[in-house]
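J.: based on what follows, work out the 3D shape:
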Amino acid sequence: MSLSRSTRRGFLALASSAALAAGRGVAVAEPALGDDGLYHEPWFLQSFLDLREDLESAAANGKRLVIMWELRGCPYCRETHLVNFADAGIANYIRDNFEVLQLNLIGSRKVTDFDRQELSEKDLAQKYGIRFTPTFQFFPPSSSGVEAKDSMAREVARAPGYLKPQHFLAMFRFVRERAYERGSFKDFLAASG
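T.: The predicted model follows:
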């Protein structure tokens, strides 16, 4: 990794950390509706759209990488932002344990996949079989060996579609606690009561 790339990432991380530190202890900030028609949380990952780099950075910070796929006008994406992320307990848990990278299902930004293939967001979504929004794609705790896997085998869990707040938080706990290594999400929910 070049020094300038490292420095830019460090600057973004520092700026994000400062914004988060300033916001701790107060109500969750409202998401902003961007020009792209998507709601943006102020604590989402600011990325150069290199998935390997994002996963390594998340791991170095003791966090997990998750991609949130969205689409302009998606009512369930809006619900996720205005209901699920508006819950301070949910937002704080996710912010403390995950780096959330927001991608647009039909977007044109270039993303570098784990195998170093550069694709538009739309083409990356097709490569990973993303068909619904919101979809959350969860990746392993380390980038080791990820690029060698088939694209569909790279993720450790997926949440296609809207989940009500209780199940939404449970999905993030399922991944953070690595419960996917012991059973299904359905089993995890049953065991959690």
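
J.: wait, residue 158 touches residue 136, no?
T.: Yes: between residue 158 and residue 136 there is a contact at 6.8 Å, judged by CB atoms under 8 Å. Bear in mind the C-beta positions are built from the backbone N, C-alpha and C, glycine included.

J.: more neighbours: the two, which one.
T.: residue 136 (22 against 18; other CB atoms under 10 Å).

J.: report pLDDT for that one.
T.: Reported pLDDT at residue 136 in the predicted model: 98.

J.: that one belongs to a helix, doesn't it?
T.: No: counting by DSSP: H, G, I helix; E, B strand; the rest coil, residue 136 falls outside a helix, being strand.

J.: contact partners for the residue lying closest to it once chain neighbours are set aside?
T.: Once flanking residues are discounted, residue 136 sits nearest to residue 159: 4.2 Å by CB to CB, 6 or more residues apart in numbering. Neighbour list for residue 159: 134, 135, 136, 138, 168, 171 [criterion: CB atoms under 8 Å, 6 or more residues apart in numbering].

J.: from residue 84, how far out is residue 159?
T.: 11 Å (CB to CB, to the nearest Å).

J.: now for the two: what residues contact both?
T.: What both residue 159 and residue 84 touch, as defined by CB under 8 Å, 6+ apart, is the set residue 168.

J.: how many residues are close by residue 156?
T.: Residue 156: 16 neighbours (other CB under 10 Å).

J.: that one: what's it in contact with?
T.: So residue 156 contacts 138, 139, 140, 175, 180 (CB under 8 Å, 6+ apart).

J.: farthest-apart pair in the residues you listed, please.
T.: Farthest-apart pair in the contacts of residue 156 is 139 and 180; separation 11.4 Å (CB to CB).

J.: who's more crowded, the two?
T.: residue 139 (24 against 17).

J.: find the nearest non-adjacent residue to that one, please.
T.: Counting by CB to CB, 6+ apart, the residue nearest residue 139 is residue 65, at 4.7 Å.

J.: follow-up on the earlier one: with distance to residue 102 as extra columns, can I get the contacts of residue 159 in CSV?
T.: As requested, the contacts of residue 159 are exported to CSV (distance: CB to CB, whole Å):
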residue, distance to residue 102
134, 10
135, 12
136, 11
138, 14
168, 16
171, 17
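
J.: closest to residue 103 among those residues?
T.: residue 135 (9.6 Å).

J.: state the distance from the closest one to residue 187.
T.: Residue 135 is 21 Å from residue 187, by CB to CB.

J.: neighbour-wise, which of those two wins?
T.: residue 135 (23 against 13).

J.: still on that earlier bit, looking at the contacts of residue 156, which is nearest residue 122?
T.: For these, the nearest to residue 122 is residue 139 (19.8 Å; CB to CB).
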